[in-house]
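A.B. asks: Sequence below, structure please.
(2 chains)
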Number of protein chains: 2
Amino acid sequence: MTPRTRNDRGPRRPVGPRRPTATPQSKPREMKEDHVRLAALGGLEEIGRNMSFIEYKDEIVIMDAGFQFPDEATPGIDFIIPNVDYLAAKKEHIKALVLTHAHFDHIGAIPYIIERLGNPPIYTMNLTKALIERRQEEFPKAPKLNVVTVKYGDKHKVGENIELEFFGVDHTVPETSGVIVKTPIGNIVHFADFRLEYDEDGKVQDIKEFKRIGEMGVHTFMVDSTNALEEGRSQSEKVIEKNLEMLFKQAQGRIILSTFSSMITRLAEIIKIAERLGRKVAINGRSMKENIQTAQSLGYVKCKPDTLIPVEEIHKYKDDKVMILSTGAQGQENSGLMRIVTGEHRYIRIKPGDMVIFSSSVIPGNERSVQRLQDNMTRQGAIVHTSGLIDIHVSGHALQEDLELVIKTLKPKFVMPIHGYYYFRFANGRNAVRAGIPPANVRVLDNNGQVCVLTKSDFIVTEENLPTNYVMVDGLGVGDVGEVVLRDRLMLAQEGMFVVITTLDRKTGRIMKNPDIISRGFIYLKENHELLDEIRKRVRGIVSRIPHSQQVDADYVKTLIRDQIGQFLYNKTKRRPMVLPVIIEV
Amino acid sequence: MTPRTRNDRGPRRPVGPRRPTATPQSKPREMKEDHVRLAALGGLEEIGRNMSFIEYKDEIVIMDAGFQFPDEATPGIDFIIPNVDYLAAKKEHIKALVLTHAHFDHIGAIPYIIERLGNPPIYTMNLTKALIERRQEEFPKAPKLNVVTVKYGDKHKVGENIELEFFGVDHTVPETSGVIVKTPIGNIVHFADFRLEYDEDGKVQDIKEFKRIGEMGVHTFMVDSTNALEEGRSQSEKVIEKNLEMLFKQAQGRIILSTFSSMITRLAEIIKIAERLGRKVAINGRSMKENIQTAQSLGYVKCKPDTLIPVEEIHKYKDDKVMILSTGAQGQENSGLMRIVTGEHRYIRIKPGDMVIFSSSVIPGNERSVQRLQDNMTRQGAIVHTSGLIDIHVSGHALQEDLELVIKTLKPKFVMPIHGYYYFRFANGRNAVRAGIPPANVRVLDNNGQVCVLTKSDFIVTEENLPTNYVMVDGLGVGDVGEVVLRDRLMLAQEGMFVVITTLDRKTGRIMKNPDIISRGFIYLKENHELLDEIRKRVRGIVSRIPHSQQVDADYVKTLIRDQIGQFLYNKTKRRPMVLPVIIEV
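C.D. replies: Numbering: from 1, shown residues only, chains lettered A, B, ... in the order given. Reported below is the predicted structural model:
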């Protein structure tokens, strides 16, 4: 429950699969050979906050700018974005920011950092463009984005020395694209988030394209590690759709289905199935409504004009002709699903016979609220289905066999696992070795910010580290909640706080009134008068024992109170609230 | 993230599978027919805190007294125990407290409640006896326990009208026992936590015993629902052992295996396998050491005298002759495993080639610390295996097919699913229906504390509700952390707090000095002088606008400051710290 510190890691060193490759250490300044610098500012020690860049002389290309959701160590935070200090200082060098796809762990940081980066050209496809532009409007002070729309197969020369080539990969959102960054030292291939889609004969649909990329020669392959630990290979989204359709057919009343609003591919398919089964579809929840509208306008959601109906009109149709798609599968407060179950929704209540489907995995930390949601829906008469019960959620990330296959096909010189914790990336390093990459050519970086130097023949992990600390977004503040504030929040959450206010006569140093005490999150004061009286007595005692001949040293008195009252409270309760002494001198 | 309230549940009503059975409502006072009262004080809305009881006239038998681990809604709490007010008021009626097995979710509350219950006779088996007695010693003020040791097959008359009969069930700790509570209205069978162990022919080993119990006639079957949602049947512990042995054989260096110290059956088997493979076993972590000692003294761990070695002697053996069993699989601070990875352990460091095995599932809320532990072990050169990768953890709870089989064998009149959230218990109700129980005879209670009245022919859920709120243990305090304190902790964790101290002249009502401000967990004050100055100015403004002719109404000034400064902070930051105004009058 404490923020991560360096020293809980043990000795640091970069490790490659099995034993570390002898990574030559070199300072970049000494590097005379033609080289590219490469570093990840996020995504190597977490799931989320993906951002990396490539620098050749005075030209920089950035890949993605995502955020990460907070967890139990960052309470009260909205989200965590990468530290872009290094890039901001070189903003005039930035030739392109490539966005691989429209998920927040790849695009979420944009409104907070784009101005600091000098509002560089963003290379991305239509859907991502539409979604980031819409979001940007929610930030009135943020600049208008400067987007270059790309298509699969497009090549764009950015700067003097770098060319970008885009290609399609399969994921849970349409228009996910990988990118080949062609540099003077070779091609660096970034595969975005991806999974493989197999056709009925078990062949990978994009394999030809991957072969073509491999034939161009790949210096370094930056590859997604999210599912690197999972055995087997991607299950077809079609299997999931078949399962969902079978489930839908069993429903005798309404169907209420909840998933992430960013799963646009899934949502499009579900609408298609609903239409086939003669059900109208109502969308509940702003983000889902907006995403579906955008996807519809770009042709990714295709349905008859009367299939989508407003939520307020569901009562006009028979229960078995209605499907509600809703946000809130994580049990978030005030989300679409939660408002339904608490009875606060204007148009929808759970009724017996409703089939409720949770078609998404539970994000750690949300287990309890999701459980409560499911309990209450069941109490109210709904039949609840979750992805644990029937395979109605499939991951958007390649599994071991997929990863091996892609690595084998691309035949890169070096493999650099990205996206995931060290343990995940290490496992992906092993996948690379199984795919035939020599262990000495696998680069499992120790942490975010490590600068790598790539020459025509080598990939060197240097000693240089860029700043990559958490930058926290909390309300309007970006970066103003730091380690100290977080540590305080965690302490306050554990044991609460205890403010002791002592009013002293400035001249005599004598206590002027009974000390005031404010406490929250410790014990319920109204029920603990004796303890309070005892503490006041002790504070008076502390002050009275200070010789009155000398002037009051407020800091000294505070230290005495903090230590002695803290110890007293601990002895009495075995808890350590944050003791905050205040001296008022009048 | 807020403590549970009634109103997030929606309308309340008891629900049976598909549609609720018409549960007659009746006040127990009006009940003239011979009847038993039955209620659960915990375990119906959570995993943990299991405790239920049966009351016949002036005789009470309690089943289990467990605690529950805290979660994200109960920060800083050590654990949560059942509210025993109802039982404490009738303590002279308590004839027996039956403990089904030695897991904390069934025995953990004992030191905190046993005195309030009048220290009644505890009926349990040897191992549980040893463990609860040892734990009781850690509570110097708690009374010596009053244990009646039982064996499988034992019958004990407790009181005038109730007989207890014990029988064996399979679980992850030895000596787990179910109990038949024989009452004048019929037999109530409580099956503890259990799974089924199948022999090589796929036959359930205890099936004869279960048939015998069924043949005696079962009025109500109280049945574990922990895995009621899981399809299939229990996997044999032998499969897990085989998998573990295969894994152990791959290890070229030391093996470090971590699991719950309460998984005594598993630990005993692992020691056996280690011995077979010629490895010495060192135990790391106090609770595991104590549990293994106890199990050894009772004959549940059998090994040669020199197989178990002290941790400080592991260096005397070759790496491939050593196995370390360790606590800390949940990534807890200061646990055995954590100390190894941070370099703080006196005798053990991770070295390249170590095989580290996590043989337990991750408790929600611990994902991040477990992840960090696994990352750092991998960084330090260990090969890490988790239960996700190979099936090295098996649940101790019966799955759907097991549950159906047991219900079919026992042929109870009524089934009351216990142990688990509503959604789990509801699913278990469906298992009962599939096993042939009429839906009208399945009792899925809405919540803890509902009093049921059992007559010879019926099982009536009444309107009476016993108090079952969370009783929280925090340090030395039991029950002194309530909803208010918890709500404050959660608020403090989200946005921190902001204390504004205003010193007024009692006579004139004028402000005597610049207001003092203390804030923690909000923003870092040292970097926000301007904001502080602005707030001080506003506070002075608020006070100066109060007419000085009248006496100062401190509460009124406080309200003004709380509202106006709160709003100002929100406008500036979009955060709502807890604003705590203090008025010092001198």
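A.B. asks: Please make it C-alpha for all contacts and neighbour counts, starting now.
C.D. replies: OK.
A.B. asks: buried sites along stretch A:339-359?
C.D. replies: Neighbour counts over stretch A:339-359 (16 or more other Cα atoms under 10 Å in any protein chain shown) mark A:339-343, A:345, A:348-359 as buried.
A.B. asks: same question, stretch A:250-270
C.D. replies: Within stretch A:250-270, the residues that count as buried by 16+ other Cα under 10 Å are A:251, A:253-270.
A.B. asks: element containing A:Phe568?
C.D. replies: Assigned by DSSP states H and E, A:Phe568 belongs to helix A:554-573.
A.B. asks: contacting residues around that helix?
C.D. replies: The contact list for helix A:554-573, computed with Cα atoms under 8 Å, 6 or more residues apart in numbering or on different chains, reads A:535, A:538-539, A:542-543, A:575-583, B:475-477.
A.B. asks: can you tell me how far the most centrally placed residue in chain A sits from A:Val471?
C.D. replies: The residue lying closest to the centre of chain A (Cα atoms, centre = their mean) is A:Gln68, at 2.4 Å. Counting by Cα to Cα, to the nearest Å, the gap from A:Gln68 to A:Val471 is 10 Å.
A.B. asks: Over to A:Asn187?
C.D. replies: Relative to A:Val471, and taking Cα to Cα, A:Asn187 is found at 31 Å.
A.B. asks: Can you tell me which helix or strand of chain A has the lowest average pLDDT?
C.D. replies: One helix or strand of chain A scores below all others by mean pLDDT, DSSP states H and E: strand A:477-478, with a mean of 84.
A.B. asks: ok now it, how far from the chain's centre?
C.D. replies: Centroid separation between strand A:477-478 and its chain, computed with Cα atoms, centre = their mean, to the nearest Å, is 17 Å.
A.B. asks: what sits against A:Ile517?
C.D. replies: A:Phe498, A:Val499, A:Val500, A:Ile501, A:Leu532.
A.B. asks: For these, work out which two are farthest apart.
C.D. replies: Farthest pair in the contacts of A:Ile517 (Cα to Cα) is A:Ile501 and A:Leu532. Separation: 12.7 Å.
A.B. asks: Which one of those two is surrounded by more residues?
C.D. replies: Under the criterion of other Cα atoms under 10 Å in any protein chain shown, the comparison of A:Ile501 against A:Leu532 puts A:Ile501 first, with 23 against 16.
A.B. asks: and that one, that one's in a strand?
C.D. replies: Yes. According to DSSP: H, G, I helix; E, B strand; the rest coil, A:Ile501 belongs to a strand.
A.B. asks: residue contacts, it?
C.D. replies: Taking Cα under 8 Å, 6+ apart as the test, what A:Ile501 contacts is A:Pro515, A:Asp516, A:Ile517, A:Pro581, A:Val582, A:Ile583, A:Ile584.
A.B. asks: what pairs with it across the strands?
C.D. replies: A:Ile501 forms beta bridges with A:Asp516, A:Val582, as assigned by DSSP bridges.
A.B. asks: Distance check, it against A:Tyr317.
C.D. replies: Look at A:Ile501 and A:Tyr317: by Cα to Cα, they are 64 Å apart.
A.B. asks: Same check on A:Leu97?
C.D. replies: Distance from A:Leu97 to A:Tyr317, counting by Cα to Cα: 47 Å.
A.B. asks: Counting neighbours around each, name which of the two comes out higher.
C.D. replies: The neighbour comparison of A:Leu97 against A:Tyr317 (other Cα under 10 Å) goes to A:Leu97, with 25 against 12.
A.B. asks: contacting residues for that one?
C.D. replies: A:Leu97 sits next to A:Val61, A:Ile62, A:Met63, A:Asp64, A:Pro120, A:Pro121, A:Ile122, A:Tyr123 when contact means Cα under 8 Å, 6+ apart.
A.B. asks: was I right about the fifth one contacting A:Lys95?
C.D. replies: Yes. Taking contact to mean Cα atoms under 8 Å, the distance of 6.6 Å between A:Pro120 and A:Lys95 places them in contact.
A.B. asks: Please compute how far the helix holding A:Phe568 lies from its chain's middle.
C.D. replies: Distance of helix A:554-573 from the chain centroid (Cα atoms, centre = their mean) equals 40 Å.
A.B. asks: element containing A:Thr378?
C.D. replies: Using DSSP H and E, A:Thr378 falls in helix A:367-379.
A.B. asks: And the contacts of the next helix or strand after that helix?
C.D. replies: The first helix or strand that comes after helix A:367-379 along the chain, using DSSP H and E, is strand A:383-386. The contact list for strand A:383-386 (Cα under 8 Å, 6+ apart) reads A:Gly353, A:Asp354, A:Met355, A:Val356, A:Ile357, A:Phe358, A:Ser359, A:Ser360, A:Gln374, A:Met377, A:Thr378, A:Ile392.
A.B. asks: who does strand A:383-386 pair up with?
C.D. replies: Sheet pairing of strand A:383-386 (DSSP bridges) gives strand A:355-358 (parallel).
A.B. asks: Quick one: mean pLDDT for the strand it pairs with?
C.D. replies: What strand A:355-358 shows for mean pLDDT is 94.
A.B. asks: Quick one: distance of that strand to the chain centre.
C.D. replies: Put simply, strand A:355-358 sits 25 Å off its chain's centre (Cα atoms, centre = their mean).
A.B. asks: Which positions within stretch A:526-533 qualify as buried?
C.D. replies: Buried residues in stretch A:526-533, defined by neighbour count with 16+ other Cα under 10 Å: A:Leu532.
A.B. asks: all strands in the stretch 101-250 of chain A, in order from the N-terminus.
C.D. replies: Counting by DSSP state E, counting those that start in this stretch, the stretch 101-250 of chain A has strands at residues A:122-124, A:147-149, A:155-158, A:162-168, A:177-183, A:186-190, A:220-224.
A.B. asks: Now those strands in JSON lines, please, with extra columns for mean pLDDT, mean neighbour count and distance to B:Leu325.
C.D. replies: Below are those laid out as JSON lines (pLDDT from 0 to 100; neighbours: other Cα atoms under 10 Å in any protein chain shown; distance: least, Cα to Cα, whole Å):
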{"stretch": "strand A:122-124", "mean pLDDT": "98", "mean neighbour count": "24", "distance to B:Leu325": "51"}
{"stretch": "strand A:147-149", "mean pLDDT": "98", "mean neighbour count": "18", "distance to B:Leu325": "56"}
{"stretch": "strand A:155-158", "mean pLDDT": "98", "mean neighbour count": "16", "distance to B:Leu325": "56"}
{"stretch": "strand A:162-168", "mean pLDDT": "98", "mean neighbour count": "21", "distance to B:Leu325": "48"}
{"stretch": "strand A:177-183", "mean pLDDT": "98", "mean neighbour count": "23", "distance to B:Leu325": "45"}
{"stretch": "strand A:186-190", "mean pLDDT": "98", "mean neighbour count": "24", "distance to B:Leu325": "42"}
{"stretch": "strand A:220-224", "mean pLDDT": "98", "mean neighbour count": "24", "distance to B:Leu325": "34"}
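A.B. asks: joint contacts of A:Gln68 and A:Val471?
C.D. replies: A:Ile80, A:Ile81.
A.B. asks: where does the residue of the stretch 401-550 of chain A found nearest chain B land in three-state SS?
C.D. replies: Distance from chain B to each residue of the stretch 401-550 of chain A (Cα to the nearest Cα) is smallest for A:Gln494, at 3.7 Å. Assigned by three-state DSSP, the conformation of A:Gln494 is helix.
A.B. asks: Output the strands of the stretch 101-250 of chain A in a markdown table; the columns should cover distance to B:Arg37.
C.D. replies: Putting the strands of the stretch 101-250 of chain A into a markdown table (distance: least, Cα to Cα, whole Å) gives the following:
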| stretch | distance to B:Arg37 |
| --- | --- |
| strand A:122-124 | 67 |
| strand A:147-149 | 71 |
| strand A:155-158 | 77 |
| strand A:162-168 | 66 |
| strand A:177-183 | 65 |
| strand A:186-190 | 66 |
| strand A:220-224 | 58 |
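A.B. asks: Any chance of CSV for those, columns distance to chain B?
C.D. replies: Below are those laid out as CSV (distance: least, Cα to the nearest Cα, whole Å):
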stretch, distance to chain B
strand A:122-124, 29
strand A:147-149, 30
strand A:155-158, 37
strand A:162-168, 30
strand A:177-183, 27
strand A:186-190, 24
strand A:220-224, 17
